[in-house]
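S.K.: can you look at this prediction? I've put the sequence above it.
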Amino acid sequence: MSGESGLDIRREIRAGRFRAPTSGLGAGLVQANIAIVPAAYADDFAAFCTANPRACALLYRSSPGDHRLAALGEDIDIRSDLPRYQLHRAGADTEEITDIHCHWRDDLVTFALGCSFSFEEALDREGLEVRNISEGCNVPMYRTQQACKASGPFHARLVVSMRPFMPTELPQVQQVCERYPLVHGAPVFAGDPAALGITDIDKPDFGDPVPLRQGEVPAFWACGVTAIEALRNAGLDFCITHSPGHMLVTDRLNTSLAGIPAAGDLDWSPL
């Protein structure tokens, strides 16, 4: 599906024909982490995102009950257009589901947050291999020891995603990614994973491991799964997120995000 439009991809997902991670899909299109919370908690969650923009850059916040997200694309239905969702309830195990129609409520607010899958396309254009794409798997993601700034009940340690590169490639990686602060920007660290509190690079907390070849250095980016951790830690009675790696593919172009700082949700003009 890599050459299809955002609408085509979403329709395939909605029809149940695609349930895999969305890395590599919709070349040139913005992908978004999704968090859906009751309106009573929306302001505190927005404040958490604003306080932690490298991990949780806010692209869009819906009005309560709006499942269409028209500013992000044609015929979006957030209740069915992600390959996989996670349903979170206080005191219960996380439940992975593929449709949230039966859980939808009129007080739910949807947040779309920047996703590193957007800058992967920019790296690929520059001839830089993105290992999780070439391996056909989900990106590896890890909890770190670094605490994020809390807001209300929302708190978390920073989660990072990892992609390996040769040391000589890192300046180019930095240059490409820093153009896109709304999709995590440049790596937050490259080098020994232990410096971040990661004890085993071959055992990610989320996603799939990828091979590090001889001489390569792991580079780490702030990751939107940080928002999922914050929601889990808040102990809400009910909230919904994307399943790590299973994003909303929008109709917005990655090029529209270049150079825009991560400082609150965007005032998208109609498509």
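M.R.: Yep, it's here.
S.K.: so, low pLDDT: which residues of the protein?
M.R.: In the prediction, the chain carries residues with pLDDT under 70 at positions 1-3, 263-271.
S.K.: strands along that one, start to end?
M.R.: Under the criterion DSSP state E, the chain contains strands at 29-38, 58-61, 85-88, 95-97, 108-114, 141-147, 157-165, 189-190, 217-222, 239-242, 248-253.
S.K.: partner strands of the third one, with direction?
M.R.: Applying DSSP bridges to the sheet, strand 85-88 is found paired with strand 95-97 (antiparallel), strand 239-242 (antiparallel).
S.K.: would you mind finding the most buried of those strands?
M.R.: Highest mean neighbour count among these (mean count of other CB atoms under 10 Å): strand 239-242, with a mean of 24. All C-beta spots, glycine's among them, are computed from the backbone N, C-alpha and C.
S.K.: so what touches that one?
M.R.: The set of residues external to strand 239-242 that reach it, using CB atoms under 8 Å, 6 or more residues apart in numbering, is 33-38, 41, 82, 84-88, 100, 103, 108, 227-228, 231, 248.
S.K.: now stretch 116-127
M.R.: Residues contacting stretch 116-127 (CB under 8 Å, 6+ apart): 22-25, 27-31, 130, 133, 139, 161, 163, 172-173, 176-177, 179-180, 183-184, 221, 223-224, 247, 254, 257.
S.K.: name the residues of that stretch that are buried.
M.R.: Judged by neighbour count (16 or more other CB atoms under 10 Å), stretch 116-127 contains these buried residues: 116-124.
S.K.: need the contact list for the residue lying closest to Asp77 once chain neighbours are set aside.
M.R.: Take Asp77 and drop its neighbours on the chain: the residue closest to it by CB to CB, 6 or more residues apart in numbering is His67, 5.9 Å away. Applying CB under 8 Å, 6+ apart to His67 gives the contacts 77-79, 104, 110.
S.K.: distance of His67 from Glu74?
M.R.: In this view, His67 and Glu74 are 14 Å apart by CB to CB, to the nearest Å.
S.K.: next: Leu82.
M.R.: Going from Leu82 to Glu74 by CB to CB gives 16 Å.
S.K.: among the contacts of stretch 116-127, which ones are buried?
M.R.: Neighbour counting with 16+ other CB under 10 Å marks 22-25, 29-31, 130, 133, 139, 161, 163, 173, 176-177, 179-180, 183-184, 221, 223-224, 247, 254, 257 as buried within the contacts of stretch 116-127.
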